[in-house]
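Trainee: Let's see this in three dimensions:
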Amino acid sequence: MCAGIQSRRNNSIRLKNMRKRVVSVIGGHGCTKAVEQIAHKLGIKLAKVAGVLVSGGLSGTMKAVCQGFKSANGLTIGIIPSYNKKDANKFIDIVIPTGIGLARNVLVVASADLVIALPGASGTLSEIAYCLQLGIPVISLKSWNIPGVINVGSVEQAISCAKSILKQKELKK
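Mentor: Alright, predicted model coming up:
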């Protein structure tokens, strides 16, 4: 076999073993200053747990969590509802324009190993429902309280729970 091909094949194997943990954070585009502060703090702390943050990429909760995550040197991905990359908030490293409107909600959560829900309205509720259908763990931080969701009351509890879930997922590989 050609040495170049073997080398590429070995690199591919190494890259597969280095897959980063992906966490999606969901929540409202219109939120209070208090929720923005919680989202920002969550983003900072989450960057120490996960390598990649996925969000809906717009304003409010999505912007605040991305700002915190990015400030801690994390990689942010925004899956936005429009085709216009300029619609994404300025803290998104990789913009994925879908042009499918709210249907993009399933992509936001299906991309993740774990989802953390912050306060939000029907869009957030739909994302939680997708998680439950897809078997993706959901931590609710002062968000929807529904069966199948892990409810926590603080950023610290959310991070502790996230670490535990991600560790269990690593052991199952």
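Trainee: hang on, Ile79 in a helix?
Mentor: No. With DSSP: H, G, I helix; E, B strand; the rest coil as the criterion, Ile79 is assigned strand and is not in a helix.
Trainee: In this structure it contacts Ala112, no?
Mentor: No. Here Ile79 lies out of contact with Ala112, judged by Cβ atoms under 8 Å, at a distance of 10.6 Å. Every C-beta, even on glycine, is put in place using the N, C-alpha and C of the backbone.
Trainee: which neighbours do the two share?
Mentor: Val54 (Cβ atoms under 8 Å, 6 or more residues apart in numbering).
Trainee: excluding its backbone neighbours, what's nearest Ile150?
Mentor: Counting by Cβ to Cβ, 6 or more residues apart in numbering, the nearest residue to Ile150 once its immediate chain neighbours are dropped is Ile139, at 4.9 Å.
Trainee: Which helix or strand in the chain has the lowest average pLDDT?
Mentor: helix 3-17 (a mean of 45; mean pLDDT, DSSP states H and E).
Trainee: looking at this, the residue nearest to Ile150 is in a helix?
Mentor: No. Counting by three-state DSSP, Ile139 falls outside a helix, being strand.
Trainee: OK, contacts around it?
Mentor: Counted by Cβ under 8 Å, 6+ apart, Ile139 has contacts Leu114, Val115, Ile116, Ala117, Val149, Ile150, Val152, Ala158, Cys161, Ala162, Ile165.
Trainee: Give me the subset of the residues you listed that lies in helices.
Mentor: In helices, defined here by DSSP state H, the members of these are Ala158, Cys161, Ala162, Ile165.
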